[in-house]
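Chemist: Any chance you can model this:
(chains A and B)
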Protein chains: 2
Amino acid sequence: MSQRIVFPTIIAPSAFPGVDAPQSLLVSGTVAYDDIITPKASGKRLLGGSASYAALAAAFFTDSRLAGIVGGDFAEKDRKRLRSHGVDLDGLHTEAAGKTFFWSGKYHENYNHRDTLETRLGVNAEPRPPLPEAWRETQFVLLANDAPTLQLAVLGQLHEPRFVLADTMNLWIETARKDLLRVAAHANLFVLNESEAELLSGESNLFFSGRKLLKETGARSVLVKKGEHGALLFHREGLFALPAYPVTDLRDPTGAGDSFAGALVGVLAALGRSDFTALKLAMLYATAVASLTVESFSCDRLESAGVTEIESRAAALREMTRLPG
Amino acid sequence: MSQRIVFPTIIAPSAFPGVDAPQSLLVSGTVAYDDIITPKASGKRLLGGSASYAALAAAFFTDSRLAGIVGGDFAEKDRKRLRSHGVDLDGLHTEAAGKTFFWSGKYHENYNHRDTLETRLGVNAEPRPPLPEAWRETQFVLLANDAPTLQLAVLGQLHEPRFVLADTMNLWIETARKDLLRVAAHANLFVLNESEAELLSGESNLFFSGRKLLKETGARSVLVKKGEHGALLFHREGLFALPAYPVTDLRDPTGAGDSFAGALVGVLAALGRSDFTALKLAMLYATAVASLTVESFSCDRLESAGVTEIESRAAALREMTRLPG
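Modeler: This is a model prediction of the structure:
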């Protein structure tokens, strides 16, 4: 198992007088193989999917449990790769007769847009077995990007989780809005990117859009991701704005949002807290993690960088956002 | 004269052990009348121009001297308006036989783009008289957006200024790049917006673009404005990122950048400092000022809001960017 970030050493006592007992994190979502073409390179059968990125990112902070489904073609080396970071795969169901979810995409010149070339649902179209009994008590939960009906099915199996982050994508806003809003209503934190927030709220002003989603979805808080411009947290206690880490070696944006979400709930679970202050700190680490994710295909760079580089980027980001006085 | 922000009372002693003697600020640029159409309203013969916005914004912080040119049609009420904030108009030359620079523009639905409907240079095409002799010693200087040749002419009359901020716009990058680069080479702070930075650097990555401009223009520091996403300061001592104040009542973006620049140098002059720490604090106030500018035509909202609201927004922005620990 890889190294893990130990929070009491890096959190100023004044901000966090006590850290509650660290909690496990349940990550539910897709596990996939991706073929990706970027302006700089291309990769085939890359380990991808929202839950892979998220569970691996979360494992730098706390015990991470991955619930999902793969086909008989899912490679043993990828299982080992996830396990080597401490990701618990007891809830990763293998449908031996089927194929693992496959996605293929191509990024445009500036990486701001991508075209989906092919999607093969494979076992992702199959019914999923229930969560392992012991996992239903998990207190911190990440519903990584997936069909809202599947997110709702996971929610229905949980016994009063303390904190649920729900992530999504434009596809579900366009094709499953009603179910997505049911998911959001259960979320302690509902996460979207800027264009998704505009699509769902119908508002082009970023701040108005975030406040409207906070008011109308029922989510306890709303986070809007803005890529190179950072992220905004709309919380009942106020607004928090965090710039992005300055990435100059962008290689593949795939999974940035998934690893951001994974790290974010990972930090909360590690702290055993989910208040506004803890959320701000979690965003700092999530931003550092996402900045590493985009510097390679899959999680290669994040895995090789590890705890030292995550902490170093979090510290650098903290410094570059600190006002005098 | 309107109220002025007094810094020693709001700057924590730890960050600013001493404030040097406050300095005057020289603002050189255009004074104009604007006809503006926005999705919500339209206004005619609004007091505009880069120097009007900038000098008025700066006057909330220090003595503000406006160097520019107007025609015989420039209204006495507009002179009074500027003077009522303490703006010194001794360097505002009136060419009685000519007309004040006129600009007319229309904003698109989301305010991100605008079309210029008409530009009448008027007296702006005339040679400008020299600066008042006493003004040549001014230590803090804002070369507000104007033709680079005119900015260079002002620079040539100054006796070793301590700090020069040079602002510009896409027009000069496209039509007067060489002269603009000469201006930038003399600047302590060169200010552009995101698309201008991309245009001038030829780099689409924001961080790479800023670093390249810092390295290649000779400017001592470079600031990239990102509208609702805030601003980035590329400084030899490091990067500083500040989010925007959350404006939800956008009325007219005209002059946002000019008042941002005016407030920024205004704060520096008031502090008598121009180091990295002072620049960060100046960006905070500049952001607060710009957020007020865009909530009305001309400087109406900024003027009615005044010191109390500027301080309140600066405090709110500080709070919403503060990380725990």
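
Chemist: Can you tell me how far the spatially most central residue of chain A is from A:Leu66?
Modeler: In chain A, the centroid-proximal residue (C-alpha atoms, centre = their mean) is A:Ala261; its distance is 2.5 Å. Separation of A:Ala261 from A:Leu66 (C-beta to C-beta, to the nearest Å) stands at 13 Å. Quick note: C-beta positions are derived from backbone N, CA and C, even for glycine.

Chemist: Chain B contacts on the stretch 101-250 of chain A?
Modeler: Applying C-beta under 8 Å from any C-beta of the partner chain, we find that the stretch 101-250 of chain A lies next to chain B at A:109-110, A:204-208, A:211, A:226, A:228-230, A:232, A:238-244, A:246-248, A:250.

Chemist: go again using 7 Å as the cut-off
Modeler: Taking C-beta under 7 Å from any C-beta of the partner chain as the contact definition, the stretch 101-250 of chain A meets chain B at A:110, A:204-208, A:226, A:228-230, A:238-241, A:243, A:246-248, A:250.

Chemist: Counting only strands, which of the residues you listed make the cut?
Modeler: The strands, defined by DSSP state E, take in A:238-241 from these.

Chemist: Most neighbours among the residues you listed, which one is it?
Modeler: When neighbours are counted by other C-beta atoms under 10 Å in any protein chain shown, A:Ala241 leads these with 26 neighbours.

Chemist: Spit out the contact partners of it.
Modeler: Taking C-beta atoms under 7 Å, 6 or more residues apart in numbering or on different chains as the criterion, A:Ala241 is in contact with A:230, A:232, B:243, B:320-321.

Chemist: next one: A:Ser52
Modeler: Residues in contact with A:Ser52 (C-beta under 7 Å, 6+ apart) are A:31, A:82.

Chemist: A:Ala59 and A:Gly255: what is the separation?
Modeler: The spacing between A:Ala59 and A:Gly255, counted by C-beta to C-beta, is 14 Å.

Chemist: next one: A:Asn170
Modeler: 16 Å.

Chemist: Help me confirm that the residue nearest to the centre of chain A comes into contact with A:Leu142.
Modeler: Yes - at 5.8 Å, A:Ala261 counts as touching A:Leu142 under the criterion of C-beta atoms under 7 Å.

Chemist: Pull up the overlap in contacts between the two.
Modeler: Common neighbours of A:Ala261 and A:Leu142, using C-beta under 7 Å, 6+ apart, are A:54, A:165.

Chemist: and A:Val164, what are its bridge partners?
Modeler: Applying DSSP bridges to A:Val164 gives these bridge partners: A:Val141.

Chemist: What score does it have for pLDDT?
Modeler: A:Val164 carries a pLDDT value of 98.

Chemist: For B:Thr277, see how far away it is.
Modeler: 41 Å.

Chemist: Mind checking which of those two has more residues around it?
Modeler: Counted by other C-beta under 10 Å, A:Val164 and B:Thr277 do not tie: A:Val164 has more neighbours, with 25 against 16.

Chemist: what's near enough to touch the more buried one?
Modeler: Neighbouring residues of A:Val164 by C-beta under 7 Å, 6+ apart: A:141, A:143, A:186-188.

Chemist: got it, and A:Asp252?
Modeler: Going by C-beta under 7 Å, 6+ apart, A:Asp252 touches A:36, A:38, A:294, A:296-297.

Chemist: And the pLDDT for it?
Modeler: Reported pLDDT at A:Asp252 in the predicted model: 96.

Chemist: A strand includes it, no?
Modeler: No - read with DSSP: H, G, I helix; E, B strand; the rest coil, A:Asp252 is coil and lies in no strand.

Chemist: do you know how far A:Phe74 is from A:Gly105?
Modeler: Counting by C-beta to C-beta - A:Phe74 and A:Gly105 are separated by 20 Å.

Chemist: If you could redo that for A:Pro243, that was the one I meant.
Modeler: From A:Pro243 across to A:Gly105, the span is 27 Å (C-beta to C-beta).

Chemist: re earlier: more neighbours: A:Asn170 and A:Gly255, which one.
Modeler: Under the criterion of other C-beta under 10 Å, the comparison of A:Asn170 against A:Gly255 puts A:Gly255 first, with 28 against 13.

Chemist: ok so, going back, the contacts of A:Ala241 in helices, which ones?
Modeler: Secondary structure defined by DSSP state H assigns B:Met320 of the contacts of A:Ala241 to helices.

Chemist: Out of the contacts of A:Ala241, flag the one nearest to B:Asp90.
Modeler: If you rank those by distance to B:Asp90 using C-beta to C-beta, B:Pro243 comes first, at 38.2 Å.
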